[in-house]
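Participant: okay, predicted coordinates and the sequence, questions at the end:
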Amino acid sequence: GAGVSQSPSNKVTEKGKDVELRCDPISGHTALYWYRQSLGQGLEFLIYFQGNSAPDKSGLPSDRFSAERTGGSVSTLTIQRTQQEDSAVYLCASSLHSNQPQHFGDGTRLSIL
Amino acid sequence: GESVGLHLPTLSVQEGDNSIINCAYSNSASDYFIWYKQESGKGPQFIIDIRSNMDKRQGQRVTVLLNKTVKHLSLQIAATQPGDSAVYFCAEYSKLTFGKGITLSVRP
């Protein structure tokens, strides 16, 4: 069956530009998560959506970062005015419900020049 | 502060030997833990989970042990194979906290 799909798989952009990263979760999964993974580091939690509840944005590093989840399915992570320190792999995961195993996509590798 | 961490950054084992990867957590209220495997260029892949009402759980070639007294969990891989080479993460779910990961390298 289809897993979590992320696009693009790679993104190179200039400092100061805005970027949008897309996540298609597994159908029927109510919970969706975004993480950031820098080279050789663990996963840094960014934001969590659960059903129709207000998202948990406690992990977003600055107000340049935002995310939305439309119709309880597809999610977009937007980074405005990108900085070089934003370079990382951005991973999306979904789970059937919260406190259930998360299934990850293969991530978007973002490089800021 | 709360953290989930792995004791060693790398582990090298001989093919066919058993591997043990350890993880410590600091939040005594944690009630759900998961081990993930991440291969290069891929997202983390679920291996096995355990809830706090259990001390041990077994899967295919893998066993997770949870010691709530010392806030420690471990992943045991039996008869380690070259395909097991990857980075392994422990994750504590009550606050979506992941350890940094340990690299398992299997020598042929």
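Facilitator: Yep, it's here. Residues are numbered from 1 along each chain as shown, chains lettered A, B, ... in the order given.
Participant: element containing the closest residue to residue A:70 other than its chain neighbours?
Facilitator: Distances taken as C-beta to C-beta, 6 or more residues apart in numbering or on different chains place residue A:76 nearest to residue A:70, at 7.8 Å, with adjacent residues excluded. (Glycine included, C-beta is placed from N, CA and C.) Using DSSP states H and E, residue A:76 sits within strand A:75-79.
Participant: mind listing what's buried in that strand?
Facilitator: A:75, A:77, A:79 (16 or more other C-beta atoms under 10 Å in any protein chain shown).
Participant: using a markdown table, lay out these together with distance to chain B and pLDDT.
Facilitator: Putting the buried residues of strand A:75-79 into a markdown table (distance: C-beta to the nearest C-beta, whole Å; pLDDT from 0 to 100) gives the following:
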| residue | distance to chain B | pLDDT |
| --- | --- | --- |
| A:75 | 15 | 97 |
| A:77 | 15 | 98 |
| A:79 | 19 | 98 |
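Participant: write out the residues of chain A neighbouring chain B.
Facilitator: Applying C-beta under 8 Å from any C-beta of the partner chain, one finds that chain A approaches chain B through A:4, A:33, A:35, A:41-43, A:45, A:48, A:59, A:91, A:93, A:99, A:101-107.
Participant: show me which of those are buried.
Facilitator: If we count by 16+ other C-beta under 10 Å, those have these buried: A:4, A:33, A:35, A:42-43, A:45, A:48, A:59, A:91, A:93, A:101-107.
Participant: count residues in the vicinity of residue B:85, would you?
Facilitator: Applying other C-beta atoms under 10 Å in any protein chain shown, we find 18 other residues in the vicinity of residue B:85.
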